[in-house]
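> need a 3D model of the following:
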Amino acid sequence: MPVRPEEESVEGAEPAGPAARAPRRRRGVLFVATAAVLGVIAGTCAGYLVQADREPTELPPLSQPVMDRAQGEGPEPLSTAQDRKVRMDGDLRRLLLKKPTGAKEVEWLDDSDGWMTMAAYADTFTQPNDKFGALVNDEFRRAAVVGWEVGSSYQVEIRLVQFRQHDSMAAADSSNNHQTWAEKEPDTDSWGIPGTGDGTAYVHTRPDIEPGYEPMYSAEAHAWRGDVSMEIWVYGDRQIPKKMIMDLADRQMERL
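So this is what the prediction gives:
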């Protein structure tokens, strides 16, 4: 009968005794872990008991110590001439340049009393209906206008357009929009308006020619300050000098 490997014996080897047992450590480890947990719980409870017997610690005061007032009178409030907010919320027409001596007021402003309604302002654009809706979204507030003509040489129109600006910088957007269109005109020279950041004046050296009409040259200037956008438009039967449009823009922005 074949012998199974586990029944084979080696000559000289001592007979195998009973199988050795592994040490029983599991119960001891469990005992130590339980003791550790109980120790943590006991320590936590003791900490709470000690803390409960102590007097509560006062929190530092939230307010700062009272500081003595500075000596002397406070600064005087800004005058109307210095407070731009007061000027902007007043009669906007007062901030417009005055018609030069000897110049004639343009006919289309006879019934305006110096104001342009939102509909009248939108009507100056090539797509009035679209512009009217855009002005509603831009929170149009009001527009003041002045214009004059000198003989048959040239005409000037200046507009101050004010926005409520609750949700956007509409005055800056309006000025930038006009500048974008002005820069697309061919044969156009441009110069920055001092003290305005991005304000720009433009002279279009190519006249606008329409059948049945004399050639018309033009220049324009656009800038903004606060919630007011400034627009200057000059038209004439000859090229508008740079000095003219720059002087108008500079003096008008000084009034803002």
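
> the helices in the protein, which residues?
With DSSP state H as the criterion, the chain has helices at 26-53, 84-89, 118-122, 128-137, 170-184, 242-255.

> which elements pack onto the fourth one?
Looking back up the chat, that one is helix 128-137. Packing contacts for helix 128-137, counted by 3 or more CB pairs under 8 Å, 6 or more residues apart in numbering; DSSP states H and E, involve helix 118-122. Yep, even glycine has a C-beta here, placed from its N, CA and C like the rest.

> packing partners of the helix it packs on?
Right, helix 118-122 is packed against helix 128-137, strand 140-150 by 3+ CB pairs under 8 Å, 6+ apart.

> let's see that with 6 Å instead.
helix 128-137 (3 or more CB pairs under 6 Å, 6 or more residues apart in numbering; DSSP states H and E).

> okay, the angle between the helix it packs on and helix 170-184?
150 degrees (axes from the mean of the first three to the mean of the last three CA atoms, to 10 degrees).

> just the angle for helix 128-137 relative to strand 140-150, thanks.
Using the same axes, to 10 degrees: helix 128-137 against strand 140-150 is 130 degrees.

> from the chain's centroid, how far away is helix 128-137?
22 Å (CA atoms, centre = their mean, to the nearest Å).

> same deal with stretch 185-196?
The chain centroid and the centroid of stretch 185-196 are separated by 25 Å, computed with CA atoms, centre = their mean.

> end-to-end on that stretch?
22 Å (CA to CA, to the nearest Å).

> could you report the neighbour count for Gly43?
Counted with other CB atoms under 10 Å, the neighbours of Gly43 add up to 10.

> so what's it up against?
With contacts defined as CB atoms under 6 Å, 6 or more residues apart in numbering, Gly43 has no neighbours.

> show me the shaky parts of the stretch 1-150 of the chain.
1-40, 42, 46-50, 52, 63-64, 74, 76-88 (pLDDT under 70).

> switch the cut-off to 80
Where the stretch 1-150 of the chain drops to pLDDT under 80, the residues are 1-89, 108, 110-112.

> ok, Trp115 to Leu256 distance?
18 Å (CB to CB, to the nearest Å).

> okay, the two: which has more neighbours?
Legend: neighbour count by other CB under 10 Å for Trp115 and Leu256, higher for Leu256 (17 against 14).

> that one and Asp227 touch, don't they?
No - Leu256 lies out of contact with Asp227 (CB atoms under 6 Å); the separation is 10.6 Å.

> Thr205: what's its closest spatial neighbour, skipping adjacent residues?
Leaving aside its chain neighbours, Thr205 sits nearest to Asp187 (4.5 Å; criterion: CB to CB, 6 or more residues apart in numbering).

> what about the one you found, neighbour count?
Neighbour count of Asp187, defined by other CB under 10 Å: 9.

> now it: how far from Met244?
18 Å.

> cool, and Ala201?
10 Å.

> more crowded one of those two?
Using other CB under 10 Å as the criterion, Ala201 and Met244 rank with Ala201 on top: 27 against 16.

> number of residues surrounding the residue nearest to the more buried one when sequence neighbours are not counted?
Spatial nearest neighbour of Ala201, chain neighbours left out: Ala221 (4.0 Å); criterion: CB to CB, 6+ apart. The tally of other residues near Ala221 (other CB under 10 Å) stands at 30.
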